[in-house]
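Novice: got a predicted structure here, sequence first:
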Amino acid sequence: MPKKFNEQEKDWIRQKLVEHGKQKFEIIGLKKTSVEDLTSAVGIAQGSFYLFFSSKEELFYYILLDEEKRIRQYLLETFLNEEPVTKEKIKHFMQTAFRLLSESPLIRQIYLEGQFEQLLRKLPPELLELNFSEDQDALMPIIMNWQAAGLLHSVRPELIVSLLRSLVLLSLHKKEIGVQLYEPTIDLLIEMIAEGMFSYGIKGSD
C-alpha cells in the first residue's frame, strides 16, 4: 500500500515529479522514461506515483501544457499590440510560433518524433480538450486584434485558431511530406496563409 503523505509532502513530491519528469522527458523521451525512473529520483515507491498522476503520460502532458503556456505568453507579449497589422507581421507571428514549438524538446517529441498517438491512447478526452480550450483562450486577443484591423472579420475566431493549430499538426507528417521538402513546404504554406488572410481582409473592406 502506498505511503500516506500530508499536504505539504504532497505539494513537494508533485513539484519534484514535475521537475525530474521534465528533465527525463527532455533527455531520453517519454517512451524510454519509466515510472521507476521518476519515483527513484524523488525518493518514493513506484506505487506512490499513482497518488499524483494516473500515468507517466499524464505527467508528461501537464508538463507539456506548461511549456505551451510559456510559448503562448511569449507570443502574446511580442505580438498582441503590434500596429499596424500587416502581412509581414502575420507571417512573422506564424513563423515565430512554429519555430518556438519546433525548438522545444518536449513539443518536438510529440509532434516531430511520433509520440502523439501514445498520448492519445493514454489520456482521457477531457484532458486533451483542455489543451484546445487553452489555445483558443490564449490566442483570442491576437485574433481579435487582426479582425479589428479588417482581417477575416467575418470568420469565427475559433476557426482561425483551428487553422493555426492545423499548421502545427502538419509536423506530425514530416516523413510523409519528405524531410528535404518539409521546411520549404511549411515556409510556403505560411507565406500563402498570410497572403490569403491579408488579401481577404482587403477584399472584405471594399
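Specialist: On my side now, so go ahead.
Novice: and this structure, split by domain according to the record?
Specialist: Per the record, the chain has its domains at 1-53, 56-205, by automatic domain parsing.
Novice: by mean pLDDT, show me the worst of those.
Specialist: For the domains of the chain, mean pLDDT drops lowest on domain 56-205, to a mean of 82.
Novice: what sits against S48?
Specialist: P2, K3, F5, I13, T39 (CB atoms under 8 Å, 6 or more residues apart in numbering). For the C-beta atoms, the positions are set from N, CA and C on the backbone; glycine is no exception.
Novice: turn those residues into CSV, including secondary structure.
Specialist: Shown next, in CSV, are these (DSSP: H, G, I helix; E, B strand; the rest coil):
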residue, secondary structure
P2, coil
K3, coil
F5, coil
I13, helix
T39, helix
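Novice: any chance of TSV for the residues you listed, columns neighbour count and distance to S199?
Specialist: As requested, these are exported to TSV (neighbours: other CB atoms under 10 Å; distance: CB to CB, whole Å):
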residue	neighbour count	distance to S199
P2	12	60
K3	10	63
F5	16	59
I13	19	54
T39	20	55
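Novice: now, which of these sits nearest E129?
Specialist: Distance to E129 across those (CB to CB) is lowest for I13, with 27.2 Å.
Novice: contacts only, for the spatially most central residue of the chain.
Specialist: Nearest to the mean C-alpha position of the chain, counting by CA atoms, centre = their mean, stands E68 at 4.2 Å. Residues in contact with E68 (CB under 8 Å, 6+ apart) are L101, I107, N131, E134, D135.
Novice: spatially nearest residue to the third one, not counting backbone neighbours?
Specialist: The one in question is N131. Nearest non-adjacent residue to N131, counting by CB to CB, 6 or more residues apart in numbering: L65, 6.3 Å away.
Novice: give the helix, strand or coil label for the one you found.
Specialist: Applying three-state DSSP: L65 is helix.
Novice: just S154 next, same as before
Specialist: Using three-state DSSP, the structure places S154 in coil.
Novice: so how far is F25 from it?
Specialist: Per CB to CB, to the nearest Å, S154 is found 42 Å from F25.
Novice: helices of the protein, start to end?
Specialist: Along the chain, counting by DSSP state H, helices occupy 7-32, 35-42, 56-79, 87-103, 105-112, 116-122, 125-148, 157-169, 174-177, 179-205.
Novice: quick one: the second one to helix 56-79, angle?
Specialist: Between helix 35-42 and helix 56-79, the angle formed by their directions is 70 degrees, by axes from the mean of the first three to the mean of the last three CA atoms, to 10 degrees.
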